[in-house]
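Peer 1: Let's see this in three dimensions:
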Amino acid sequence: YDVIFVGYPTWWYDLSQIMYSFFDEYDFAGKTIIPFNSHNGSRFSGTIDTIKELEPEASVIENGFTVNESDVAGAKSDIDSWLESLGF
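Peer 2: Presented below is the predicted three-dimensional model:
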């Protein structure tokens, strides 16, 4: 795949440890990573920059989708709009 969607929760303003293991295990050089996440008020925090550091040879988009955990159930139209803005 050339485009990889990576979803995760933001925990205490950071990626969870399993995400560090995930990026350590897989090489996304030359790929485009599209992040999306859920949070409890912290949005992406610095996680997009962290992904860029962990995958320096990948292209990581800045305009990922982020949603508060309490709004996930009603986020379908927002997700659809975001995907459409990305050309999907």
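
Peer 1: CA atoms for contacts and neighbours, from now on please.
Peer 2: Will do.

Peer 1: mind listing what Gly7 touches?
Peer 2: Residues counted as contacts of Gly7 (CA atoms under 8 Å, 6 or more residues apart in numbering) are 35-37.

Peer 1: export those to JSON lines and tack on pLDDT, neighbour count and distance to Phe44?
Peer 2: As requested, the contacts of Gly7 are exported to JSON lines (pLDDT from 0 to 100; neighbours: other CA atoms under 10 Å; distance: CA to CA, whole Å):
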{"residue": "Pro35", "pLDDT": "98", "neighbour count": "21", "distance to Phe44": "9"}
{"residue": "Phe36", "pLDDT": "97", "neighbour count": "20", "distance to Phe44": "9"}
{"residue": "Asn37", "pLDDT": "97", "neighbour count": "19", "distance to Phe44": "7"}
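
Peer 1: Which of the residues you listed fall in helices?
Peer 2: Judged by DSSP state H, the subset of these located in helices is empty.

Peer 1: which one of these is nearest Gln17?
Peer 2: Closest to Gln17 out of the contacts of Gly7 is Asn37 (14.8 Å), distances taken as CA to CA.

Peer 1: so the spatially most central residue of the chain bridges to which residues?
Peer 2: In the chain, the centroid-proximal residue (CA atoms, centre = their mean) is Pro35; its distance is 1.9 Å. Counting by DSSP bridges, Pro35 is bridged to Val6.

Peer 1: now the contacts of Gly7 as CSV including distance to Phe5?
Peer 2: Shown next, in CSV, are the contacts of Gly7 (distance: CA to CA, whole Å):
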residue, distance to Phe5
Pro35, 6
Phe36, 7
Asn37, 10
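
Peer 1: Pull the contacting residues for Asp24.
Peer 2: Leu54.

Peer 1: any idea how far it lies from Thr32?
Peer 2: 16 Å (CA to CA, to the nearest Å).
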